[in-house]
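Trainee: only geometry, no sequence info:
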């Protein structure tokens with residue numbers, strides 16, 4: 001059990017730090033770094049194209065912006081962006097200071113550069129954010145316009161060392177059990193309303209009304225005009241970039257988003273490097289990064305502290321996702337740290353368009369509810385395949401260090417018939433996990449397929465889990481390889497297998513294990 005497996009495609013890569021995007025010449029220096037990053041990939045992937053910009057820049061103060069924390073600078077910032085785009089591109093500089101603004105829209109060939117000690121505060125006034133048709137949680141729907149957005153843009157960036165704050169506390173409902181007594185009392189004093197149970201706070205009566213309407217068993221159509229009075233329920237993501245190409249986010253800090261923080265959707269050639277995301281742990285739907293239906297993506301050297309999933313890969317939900325039919329593919333996630341979140345790295349549960357060719361390596365998860373998480377359920381459809389995860393270090397994981405579950409958020413009734421395989425049946429296959437270390441976990445590993453669609457070809461090599469409350473559980477998997485697995489639990493029972501075929505454990509092969517079987521570690 002001390003032998004280390006050397007898998008093809010897992011040669012270590014020495015990474016340099018990407019420098020901030022400042023001019024055409026400084027952007028071009030990344031070419032060598034990018035090429036090195038791709039050398040050891042276990043699948044073919046085109047090199048992600050970063051944007052480049054002419055050596056031209058303007059300052060938002062030249063367009064009337066004032067850093068007094070009171071002047072609304074929406075028009076000034078958007079006019080600066082428009083002017084630079086119309087001139088052919090360049091940099092829009094937000095200098096040091098406190099800048100209050102409404103929604104900002106990125107345009108072609110513009111690098112929005114937020115300088116050190118610049119704090120961009122997006123107003124919490126919902127009237128500034130019109131209702132728009134967009135996609136959220138994988139479904140086509142009405143939402144408020146995002147504080148930062150782009151649609152069908154090319155060659156765009158947000159760079160620098162400043163902070164962008166989404167004023168999320170003025171939008172989000174908050175559950176009483178997620179706050180201390182002092183925090184809850186302070187929240188009540190700030191205004192808003194509490195539901196009849198006294199357990200959930202809402203920012204206004206409209207948000208509470210929307211919660212009641214949407215949660216009612218007798219659902220009815222809500223008109224756009226009626227939604228106007230309940231806008232705070234339609235919380236926007238902080239950054240929404242849709243159907244855009246050559247997108248760069250580098251160096252800046254995003255925090256306090258109304259809903260998800262960063263949501264690139266249907267984009268191509270997307271780079272996130274050295275980004276920081278901070279959301280309160282109690283933030284409802286406070287995901288840090290949701291990469292949805294994007295192609296050719298690099299996420300490196302970043303820090304995430306989230307109120308929900310941290311680094312998440314998605315591709316639409318149910319019929320809406322299948323109709324869009326855009327997989328999330330060719331994704332590199334490397335050298336990142338997650339301090340808090342429901343999951344450190346997550347695929348799903350909205351993955352109806354499919355996910356393929358994903359490589360995750362050299363990441364650290366500290367205190368995330370779950371470490372590595374693959375989740376889906378009947379109704380989604382879509383195939384998750386060719387996912388490689390290597391060299392992950394974790395501590396203090398209260399849930400599963402590793403989970404792949406096709407029964408996410410549901411349970412079969414006893415004796416329920418097994419449904420036929422249709423376009424709504426999700427599938428996980430060809431997933432390879434290696435070199436995992438975790439100290440402290442609720443459960444070491446949980447693999448749970450469907451009877452009509454077992455998880456296929458799942459391998460775990462060189463994994464050490466200590467201080468685990470429970471061991472590994474494998475159910476409904478067709479083809480699983482375990483090698484050099486060490487799990488420390490109180491009763492030394494480290495592996496439970498049932499309804500699984502083609503099992504290889506440290507070179508020993510089992511054709512089939514149907515009944516529950518416990519294996520103890522030597």
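Mentor: Sure, I can see it. This one's a predicted model, so the numbers in the text were calculated from it and none came from an experiment. Numbers count the residues shown, from 1 in each chain.
Trainee: per-domain residue ranges of the chain.
Mentor: 57-170+235-520, 174-228 (automatic domain parsing).
Trainee: Check the separation of the first and last residues in the last one.
Mentor: As for domain 174-228, its first-to-last residue distance stands at 21 Å under the measure CA to CA, to the nearest Å.
Trainee: could you give me the average pLDDT of it?
Mentor: Average pLDDT, domain 174-228: 92.
Trainee: With stretch 324-344 instead?
Mentor: 96.
Trainee: I would like the residues contacting stretch 465-474, please.
Mentor: The contact list for stretch 465-474 (CB atoms under 8 Å, 6 or more residues apart in numbering) reads 401, 436, 438-448, 480, 482, 485-490, 493-498, 500, 503. The C-beta positions use only the backbone N, C-alpha and C, and glycine is treated the same way.
Trainee: For that stretch, what is the distance to the chain centroid?
Mentor: Relative to its parent chain, stretch 465-474 has a centroid offset of 25 Å by CA atoms, centre = their mean, to the nearest Å.
Trainee: got the buried residues for it?
Mentor: Burial within stretch 465-474, assessed by neighbour count using 16 or more other CB atoms under 10 Å, is assigned to 465, 468, 470-474.
Trainee: cool, and stretch 222-230?
Mentor: 227, 230.
Trainee: From the opening residue of it to its closing one, how far?
Mentor: Rule used - CA to CA; the end-to-end distance of stretch 222-230 is 10 Å.
Trainee: Please apply the same query to stretch 408-421.
Mentor: End-to-end distance of stretch 408-421 (CA to CA): 17 Å.
Trainee: List buried residues within the contacts of stretch 465-474.
Mentor: Buried members of the contacts of stretch 465-474, scored by 16+ other CB under 10 Å, are 401, 436, 438-441, 443-448, 480, 482, 485, 487-489, 494-497, 500, 503.
Trainee: Mind checking which of the residues you listed are in strands?
Mentor: 401, 436, 438-441, 443-448, 480, 482, 485, 487-489, 494-497, 500, 503 (DSSP state E).
Trainee: need the contact list for residue 437.
Mentor: Contacts for residue 437 (CB under 8 Å, 6+ apart) come out as 392-394, 463-464.
Trainee: Kindly indicate which of those residues lies nearest residue 512.
Mentor: Each of those was scored against residue 512 by CB to CB, and residue 463 proved nearest at 23.5 Å.
Trainee: Who are the contact partners of the closest one?
Mentor: So residue 463 contacts 402, 433-437, 444-445, 484-487 (CB under 8 Å, 6+ apart).
Trainee: so what does whichever helix in the chain runs longest touch, helix or strand wise?
Mentor: As assigned by DSSP state H, the longest helix anywhere in the chain is helix 74-87. The helices and strands touching helix 74-87, judged by 3 or more CB pairs under 8 Å, 6 or more residues apart in numbering; DSSP states H and E, are strand 57-59, strand 90-94, strand 97-101, strand 104-105, strand 110-114.
Trainee: Would you mind listing the outside residues contacting that helix?
Mentor: With CB under 8 Å, 6+ apart as the test, helix 74-87 has contacts from 56-60, 62-65, 90-92, 94, 99, 101-110, 112, 128.
Trainee: cool, and stretch 105-112?
Mentor: Stretch 105-112 has contacts (CB under 8 Å, 6+ apart) with 21, 51, 53-54, 78, 81-82, 84-85, 88-92, 94, 104, 148-150, 153-159, 241, 248.
Trainee: Check which helix or strand residue 149 maps to.
Mentor: Using DSSP states H and E, residue 149 sits within strand 148-151.
Trainee: roughly how far out does that strand sit from the chain middle?
Mentor: Strand 148-151 sits 18 Å away from the centroid of its parent chain (CA atoms, centre = their mean).
Trainee: Give the partner strands of it in its sheet and their orientations.
Mentor: Paired neighbours of strand 148-151 in the sheet (DSSP bridges): strand 104-105 (parallel), strand 239-242 (parallel).
Trainee: Please state the mean pLDDT value computed over that strand.
Mentor: Mean predicted lDDT for strand 148-151 stands at 98.
Trainee: pLDDT below threshold where in the stretch 301-450 of the chain?
Mentor: Applying pLDDT under 70 to the stretch 301-450 of the chain flags the ranges 413-414.
Trainee: where do the strands sit along it?
Mentor: 303-305, 311-314, 328-334, 337-340, 343-347, 355-366, 370-375, 383-405, 427-448 (DSSP state E, counting those that start in this stretch).
Trainee: With distance to residue 416 added, can I get these in JSON lines?
Mentor: Shown next, in JSON lines, are those (distance: least, CB to CB, whole Å):
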{"stretch": "strand 303-305", "distance to residue 416": "38"}
{"stretch": "strand 311-314", "distance to residue 416": "28"}
{"stretch": "strand 328-334", "distance to residue 416": "31"}
{"stretch": "strand 337-340", "distance to residue 416": "36"}
{"stretch": "strand 343-347", "distance to residue 416": "26"}
{"stretch": "strand 355-366", "distance to residue 416": "27"}
{"stretch": "strand 370-375", "distance to residue 416": "20"}
{"stretch": "strand 383-405", "distance to residue 416": "17"}
{"stretch": "strand 427-448", "distance to residue 416": "16"}
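Trainee: just so I know, which of the ones you listed lies nearest residue 223?
Mentor: Going by CB to CB, the one of the strands of the stretch 301-450 of the chain nearest residue 223 is strand 311-314, 28.8 Å.
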